[in-house]
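S.K.: predicted model follows, preceded by the sequence.
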Amino acid sequence: MMEAKDGQAWLGTNGYGSRREEDGVCHDDSATPVRANTVDELHSLQRKPQVVEDRHRLQLQSISASLASMTCGIGPKLVNGDPARKKEMAGKAVTHHQHHITVPTITVSDSDLKFTHVLYNLSPSELYEHAIKYEKGSFITSSGALATLSGAKTGRSPRDKRVVKDETTDDLWWGKGSPNIEMDEQTFLINRERAVDYLNSLDKVFVNDQFLNWDPNNRIKVRIISARAYHSLFMHNMCIRPTYEELENFGEPDFTIYNAGQFPCNRYTHYMTSSTSIDLNLKRREMVILGTQYAGEMKKGLFSVMHYLMPKKQILSLHSGCNMGRGGDVALFFGLSGTGKTTLSTDRNRILIGDDEHCWSDNGISNIEGGCYAKCIDLSQEKEPDIWDAIKFGTVLENVVFDEHSREVDYTEKSVTENTRAAYPIEYIANAKIPCVGPHPKNVILLACDAFGVLPPVSKLSHAQTMYHFISGYTALVAGTEDGIKEPQATFSACFGAAFIMLHPTRYAAMLADKMNKHGATGWLVNTGWIGGSYGVGERISLAYTRKIIDAIHSGELLARSYKKTDVFGLDIPTKVEGVPSELLDPINTWEDKDSYKLTLLKLSDLFKRNFKVFANYKKGGVSDLADEIAAAGPNF
């Protein structure tokens with residue numbers, strides 16, 4: 001819209017106004033402009049053609065079907081716009097905007113719950129307004145980000161996550177060691193009905209229709225129905241945002257989330273262990289959230305779905321970061337919390353494809369998401385400038401503490417939780433690659449923060465060793481020091497994401513080895529933890545040295561180096577890395593007490609062996625035979 005003489009507004013006869021070619025729409029501005037004296041008159045000129053109206057009708061009927069109560073009739077009436085403005089707009093001409101869509105009248109019975117207003121694919125600005133006006137604890141920070149609270153739960157609740165066990169999920173990994181806790185469909189439907197009834201009882205709900213997977217041949221359409229503006233903005237950032245044209249032709253979703261997290265589940269319902277329940281039904285392609293407002297449940301729930309759907313298409317789903325060099329060389333980064341995965345994959349000298357979730361198909365690598373979800377604790381502009389710069393208008397900050405007057409965030413403060421987070425669109429990273437796709441990876445980097453101090457800073461892995469360490473998913477955490485004890489605790493998470501995988505870990509490991517072999521990728525194990533002794537005696541390896549190692553992997557320098565093999569784990573370690581003291585490359589050189597080193601090495605290798613027994617003992621199909629083969633690549637006393 002442009003300003004005209006006498007305060008009149010004008011737009012072209014096509015009804016959409018002129019846009020630049022960069023917007024992806026090119027209109028003919030040569031036609032005689034149509035003048036409007038008021039904004040309402042201008043909006044009345046913006047009606048879409050009948051074919052678009054028909055698409056809108058189908059779209060909203062689809063949303064109505066999603067929200068339909070299975071016992072109370074056909075579902076809610078869908079009302080245009082913000083219910084708070086209903087009286088204000090009474091008597092005015094019906095308007096039609098991109099986000100607030102005119103809805104056909106839907107007949108409802110007396111048994112239905114109160115009418116619900118559906119706010120569809122709102123913009124960040126609109127969601128800011130709703131959050132600040134209606135959600136206690138939501139504020140705009142000094143950087144422009146929206147700070148909000150996730151309620152009592154400030155992290156995921158993996159023990160409250162359930163998967164419906166039926167004929168569809170017969171090939172899932174069930175039993176000891178598996179993250180998949182079963183429930184029956186009847187219990188799922190009870191929880192679904194509870195969630196839908198709650199959503200239908202609200203004055204308004206937010207609906208997001210978005211995509212997963214940047215590979216256009218394998219993308220998934222998802223619908224998220226939620227009660228909070230914060231949740232809608234979070235998913236707007238984390239999923240792939242459709243263009244207006246894609247939204248017009250969205251149709252039926254492939255998967256739907258019902259987020260009624262403000263309402264608890266019934267603790268006396270079968271399979272429930274608390275007032276929180278996160279339920280997946282893969283046959284119905286639905287997810288229900290009750291009793292937790294932590295937004296990460298939606299993100300990771302969809303990731304679990306991708307871990308189920310993609311392998312069925314021979315596409316490997318990966319919990320990893322991914323970047324690409326200027327020459328097109330792609331690297332994958334695997335690592336648990338605290339290993340440096342986000343820091344090392346976000347590199348200003350390389351292009352970021354994604355920070356957390358990816359697919360590896362015959363077409364190459366593709367990001368599953370449209371955003372990043374970075375930990376904020378101790379965040380600084382000096383250490384992580386890209387993440388720092390991404391925290392601006394449109395970004396969601398979860399559970400952070402800020403100054404009451406200046407609204408400046410104190411990222412060192414963890415009085416609410418240590419798991420403070422920032423969710424932002426990936427294009428907020430200056431060197432992000434859009435679209436988020438790349439060629440086949442050249443390097444697969446497994447990161448471990450070894451607080452025992454016995455793993456080398458870098459080692460080259462065979463394909464069997466890559467599978468072994470991929471399935472092990474090792475890192476070490478430091479125990480609490482309140483009573484003076486500083487003993488490291490080994491942590492293992494299969495495929496570096498045990499909470500999200502759906503199939504047996506060896507299935508993903510075999511696919512990884514097959515793709516690495518087919519496309520000539522090299523596996524690396526990089527220790528970002530301690531050298532010169534365990535935690536409390538040694539010190540953590542310098543980030544500058546780790547970056548030198550990663551740079552040497554990217555450049556191909558390490559492939560040309562000579563190697564020697566370590567005892568017990570049988571790892572190949574280079575004798576030289578440019579910019580890193582050679583004595584650091586073999587951990588035994590950095591320990592003063594050599595006997596203590598050998599005892600600690602044996603202790604860690606025993607922990608690896610005990611952890612792997614869970615996978616080696618899994619008896620189904622040919623998986624156990626493969627597990628035995630992979631186990632042989634582990635530590636050998």
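M.R.: Thanks, I have it. For clarity, every value in this text was computed on a predicted model and none was experimentally measured.

S.K.: need the pLDDT of the closest residue to residue 313 other than its chain neighbours.
M.R.: Nearest residue to residue 313 in three dimensions, chain neighbours excluded: residue 218, at 6.6 Å (CB to CB, 6 or more residues apart in numbering). Using the backbone N, CA and C atoms, a C-beta is placed for each residue, glycine as well. At residue 218, the model reports a pLDDT of 97.

S.K.: go on, residue 488?
M.R.: Confidence score, pLDDT, at residue 488: 82.

S.K.: in the stretch 101-250 of the chain, which spans are helices?
M.R.: Ranges of helices in the stretch 101-250 of the chain, per DSSP state H, counting those that start in this stretch, are 124-134, 185-200, 229-238, 244-248.

S.K.: helices or strands up against the second one?
M.R.: The helices and strands touching helix 185-200, judged by 3 or more CB pairs under 8 Å, 6 or more residues apart in numbering; DSSP states H and E, are strand 161-164, strand 255-260, strand 277-281, strand 286-290.

S.K.: quick check: which ranges of the stretch 51-200 of the chain have low pLDDT?
M.R.: Applying pLDDT under 70 to the stretch 51-200 of the chain flags residues 51-53, 70-115.

S.K.: next, count neighbours for residue 244.
M.R.: Using other CB atoms under 10 Å, residue 244 has 12 other residues around it.

S.K.: from residue 211, how far out is it?
M.R.: 14 Å (CB to CB, to the nearest Å).

S.K.: shaky segments in the stretch 501-637 of the chain?
M.R.: Within the stretch 501-637 of the chain, the stretches with pLDDT under 70 are 619-624.

S.K.: what sits against residue 138?
M.R.: Contacts for residue 138 (CB atoms under 8 Å, 6 or more residues apart in numbering) come out as 131, 132, 146, 147, 148, 149, 229, 230.

S.K.: tell me which element residue 284 falls in.
M.R.: Using DSSP states H and E, no element contains residue 284; it sits outside every helix and strand.

S.K.: surely residue 232 meets residue 208?
M.R.: Yes. Counting by CB atoms under 8 Å, residue 232 does reach residue 208; the two are 5.7 Å apart.

S.K.: spit out the residues that contact these two alike.
M.R.: Joint contacts of residue 232 and residue 208 (CB under 8 Å, 6+ apart) are 224, 226.

S.K.: related to what we said a few turns ago, just the buried residues from the contacts of residue 138, in ChimeraX please.
M.R.: To isolate the buried ones among those in ChimeraX, judged by 16 or more other CB atoms under 10 Å, type:
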select :131,146,147,148,149,229,230
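
S.K.: from the contacts of residue 138, which is closest to residue 180?
M.R.: residue 230 (28.6 Å; CB to CB).

S.K.: how about the closest one, nearest residue that isn't a chain neighbour?
M.R.: Using CB to CB, 6+ apart, the closest residue to residue 230 is residue 148 (4.5 Å).

S.K.: same question, residue 459
M.R.: Residue 459 sits nearest to residue 571 (CB to CB, 6+ apart), 3.8 Å away.

S.K.: before we move on, what about residue 493?
M.R.: residue 473 (4.1 Å).

S.K.: paired strands for the helix or strand containing residue 526, with orientation please.
M.R.: Assigning secondary structure by DSSP H and E places residue 526 in strand 522-527. Looking at strand 522-527 with DSSP bridges, its partner strands are strand 441-448 (parallel), strand 458-461 (antiparallel).
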